[in-house]
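Student: got a predicted structure plus its sequence, pasted below:
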Amino acid sequence: MNKESNNVLVVGAGISGIASALELANSGINVYLLEKEAVIGGHSASFCCKATDVCSQCSACVVPDKIKETVSHPQIRLLTNSTIRRLSGELGNFRVTITQKLQYIDQERCIACGLCTEVCPTDPKAIHPSFAEATPFSYVLDEELCLRFKGEKCDLCRKGCPTKAIKFKGESKEQELSVGALIVATGFDVFDARKKGSLGYGRYPNVLTGLDLEQIFTREGCLKLPASGVEPRNIAFIQCVGSRDEDHDYCSHVCCKYAMKLSGLIKYHNPDARVTIFYIDLQTAGKGFAQFYEEYKENIRFVRGVPVEILQTASGELEVRFEDISQGKVCRDTFELVVLSVGISPSKESWDLARTLGINLSDNGFFAERDSMNTNETNIDGIFIAGTCQGPKDIPDSIAHGIAAASKARQVLTESASQRQGNQGRH
């Protein structure tokens, strides 16, 4: 291979993109790992370990090690805060124009002292630390919350930074990369539970999403009520929030599995806790999940029915109104904490990126594979897809899909290089 065709651009540094990058880099291929955020790892980096007295095989513990390996790998070049602006060329000879937006916080200078957060006047804070496992670790600034980006003259964080790591002036940078292939691993968006207004997310502090619950366990090591800090004893999970409805008619696959694993973790910490799972149909597919279900079904209450409304009582409890399908009637029950198992949605940037790259989307808005016989491949030769940008997957399946995409890319690049050499020989 020539120098250009031996480069691969991986777009998205979640667990699938990381798996692809490592698979390629370990085989000697140079990798550009592009990430729109300031840190790598994606959603999976904030997931908690769900192991109890036995491992639940959620694979969350795998993620930090893979992030560290990626950051230190000599064949991988990280490009954070970056997006694709333009693409030209073809398999073996793509030209990709990359835009790196202004980085308001210099990661080399930031010492994570927290003084900027202390003086920030917004609530929630516009400048805050990355999540615990974020790499590289530094503070991040949210433009949507920052008063300066709303036309005000706030400068408190910059003035309070002892290392002068914060700056607001500067310009985005552009560069052009020459690569032989691309792997798109842009992940997913979590469904915005506020769109289901009747379920109270954003109004009632003790209505959380599954991702919120993951972060509480990661941060606290146990489950506590956001409103009081007390350990709850009566918890409900509501499945299919943002999946299998008129707007999102597909199943997110992973929600039932993670709700049960989180339920098991809750029961492990507090055996007396009462956990209820409201569901339409349990999606129990996946290695070892049937056995896991058998172990926990006696200790977890399963109600086949869809809650339609959550109201907070005068005492602060949450009253859930639901249709109990088995009884054929509308029922009510109260809980201290309600967890909404929100679905996996296509990334909101998918449409723009699909247009830029010329690749197809499925009817549900995820990136489409060429056909069932050519997994990971798109309609454009030399562009592959990996992970949840193709459809809902858990961590192990995302890693496997990322590795498969890397293997396909390596194979196609090798075949393309051999073909070019053959053509040159004939001339």
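Tutor: Perfect, thanks for sending it.

Student: where does this structure have low pLDDT?
Tutor: Along the chain, the parts satisfying pLDDT under 70 run over 1-5, 56, 131-136, 284-289, 292, 420-427.

Student: off-centre distance for the lengthiest helix in it?
Tutor: With DSSP state H setting the assignment, residue counts place helix 395-426 as the longest helix in the chain. Relative to the chain's own centre, helix 395-426 is displaced by 26 Å; criterion: CA atoms, centre = their mean, to the nearest Å.

Student: pull the distance from the one helix or strand residue 264 maps to to the chain's centre.
Tutor: Applying DSSP states H and E as the criterion places residue 264 in helix 254-269. A distance of 18 Å separates the centroid of the chain from that of helix 254-269, by CA atoms, centre = their mean.

Student: list the buried residues of it.
Tutor: For helix 254-269, a neighbour-count test (16 or more other CB atoms under 10 Å) marks 254-267 as buried. Bear in mind the C-beta positions are built from the backbone N, C-alpha and C, glycine included.

Student: helices and strands around the longest helix of the chain, which ones?
Tutor: If contacts are counted by 3 or more CB pairs under 8 Å, 6 or more residues apart in numbering; DSSP states H and E, helix 395-426 sits against strand 7-11, helix 15-25, helix 62-72, strand 181-184, strand 383-385.

Student: what's the angle between that helix and helix 15-25?
Tutor: Relative orientation of helix 395-426 and helix 15-25, computed by axes from the mean of the first three to the mean of the last three CA atoms, to 10 degrees: 40 degrees.

Student: tilt between helix 395-426 and helix 62-72?
Tutor: Counting by the same axes, to 10 degrees, helix 395-426 lies at 40 degrees to helix 62-72.

Student: contacts for stretch 145-160?
Tutor: Stretch 145-160 is contacted from outside by 115-122, 124-127, 141, 143, 166-168, using CB atoms under 8 Å, 6 or more residues apart in numbering.

Student: what segments of this protein are helices?
Tutor: Along the chain, counting by DSSP H, helices occupy 15-25, 62-72, 115-119, 156-160, 210-220, 254-269, 289-296, 350-357, 395-426.

Student: out of the ones you listed, nearest to residue 97?
Tutor: helix 350-357 (9.6 Å; CB to CB).

Student: please save the CA atoms from the closest one in CSV.
Tutor: In CSV, the C-alpha atoms belonging to helix 350-357 read as follows (Å, rounded to 0.1, in the frame of the first residue of the first chain):
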residue,chain,number,x,y,z
SER,A,350,-26.7,11.7,10.9
TRP,A,351,-28.6,13.5,8.1
ASP,A,352,-25.9,16.1,7.5
LEU,A,353,-23.1,13.5,7.7
ALA,A,354,-24.9,11.2,5.3
ARG,A,355,-25.2,14.0,2.8
THR,A,356,-21.5,14.9,3.1
LEU,A,357,-20.4,11.3,2.7
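
Student: would you mind checking the contacts of stretch 145-160 for buried ones?
Tutor: Buried residues within the contacts of stretch 145-160, defined by neighbour count using 16+ other CB under 10 Å: 115-117, 119-120, 125-127, 141, 166.

Student: OK, contacts around residue 310?
Tutor: For residue 310, the contact set (CB under 8 Å, 6+ apart) comprises 198-200, 204, 207, 318-321, 338.

Student: are any of those buried, and which?
Tutor: Buried members of the contacts of residue 310, scored by 16+ other CB under 10 Å, are 199-200, 204, 207, 318, 320, 338.

Student: quick one: which of the residues you listed is nearest residue 73?
Tutor: Residue 73 lies nearest to residue 207 out of these, by CB to CB, at 41.3 Å.

Student: give me the beta-bridge partners of that closest one?
Tutor: Using DSSP bridges, the bridge partners assigned to residue 207 are residue 338.

Student: quick one: it from residue 102, how far?
Tutor: 36 Å (CB to CB, to the nearest Å).

Student: ok, now which ones touch residue 408?
Tutor: By CB under 8 Å, 6+ apart, residue 408 lies in contact with 376-377, 384.

Student: and residue 66, by the same measure?
Tutor: Residue 66 sits next to 15, 18-19, 22 when contact means CB under 8 Å, 6+ apart.

Student: can you pick out the most distant pair from those residues?
Tutor: Using CB to CB, these span at most 10.5 Å, a distance reached by 15 and 22.

Student: okay, now residue 159: neighbour count?
Tutor: Counted with other CB atoms under 10 Å, the neighbours of residue 159 add up to 11.

Student: ah, wrong one, I meant residue 333
Tutor: Neighbourhood size, residue 333 [other CB under 10 Å]: 17.

Student: verify the contact between it and residue 301 for me.
Tutor: No - the criterion here is CB atoms under 8 Å, and residue 333 misses it with residue 301 at 9.7 Å.

Student: all set now, cheers.
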